[in-house]
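Trainee: please work out how this folds:
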Amino acid sequence: MAEQREMVEALHPQGKSPTRVNKADYDAYRKALLRVIPRKKDGVRFMHLAELVEEVLPDDVLARSKPLWWVTTVKLDLEARGLIERVPGVSPQHVRRA
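Mentor: Numbers count the residues shown, from 1 in each chain. As a prediction, this is how the structure comes out:
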């Protein structure tokens, strides 16, 4: 019998339908993103997040997940929850802690 995994809903800042994801992986990526996203005014470039997160995630999480997909999904959720924000007027996209 397959093991039942606990799921959570990752929100979207534009109110789109939430994405149901594995809670253990969500928690790992959430913790890693909050660790690597700075509070400083200019933030960090979105495209650098996967690389930064891979440096701090446990190997077992990396082995079973697709980092870019998870970074994107959890980043959107953190935006929706008001924990991070996009730096206004900056292109390409940068994010910072709210």
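Trainee: could you point out which element follows the helix-or-strand element of the chain with minimal mean pLDDT?
Mentor: Ranked by mean pLDDT, DSSP states H and E, the helix or strand of the chain with the weakest confidence is helix 59-64, at a mean of 94. Note on helix 59-64: by DSSP states H and E, the next helix or strand toward the C-terminus is helix 67-80.
Trainee: what about the strands in this structure?
Mentor: 7-10, 19-22, 44-45, 84-86, 94-97 (DSSP state E).
Trainee: show me the contact partners of the least confident helix or strand of the chain.
Mentor: With contact meaning Cβ atoms under 8 Å, 6 or more residues apart in numbering, helix 59-64 is reached by 25, 28-29, 54. C-beta: built from backbone N, CA, C; applies to glycine.
Trainee: neighbour-wise, which of those residues leads?
Mentor: Y29 (27 neighbours; other Cβ atoms under 10 Å).
Trainee: how close does that residue get to H12?
Mentor: The gap separating Y29 from H12 is 16 Å, by Cβ to Cβ, to the nearest Å.
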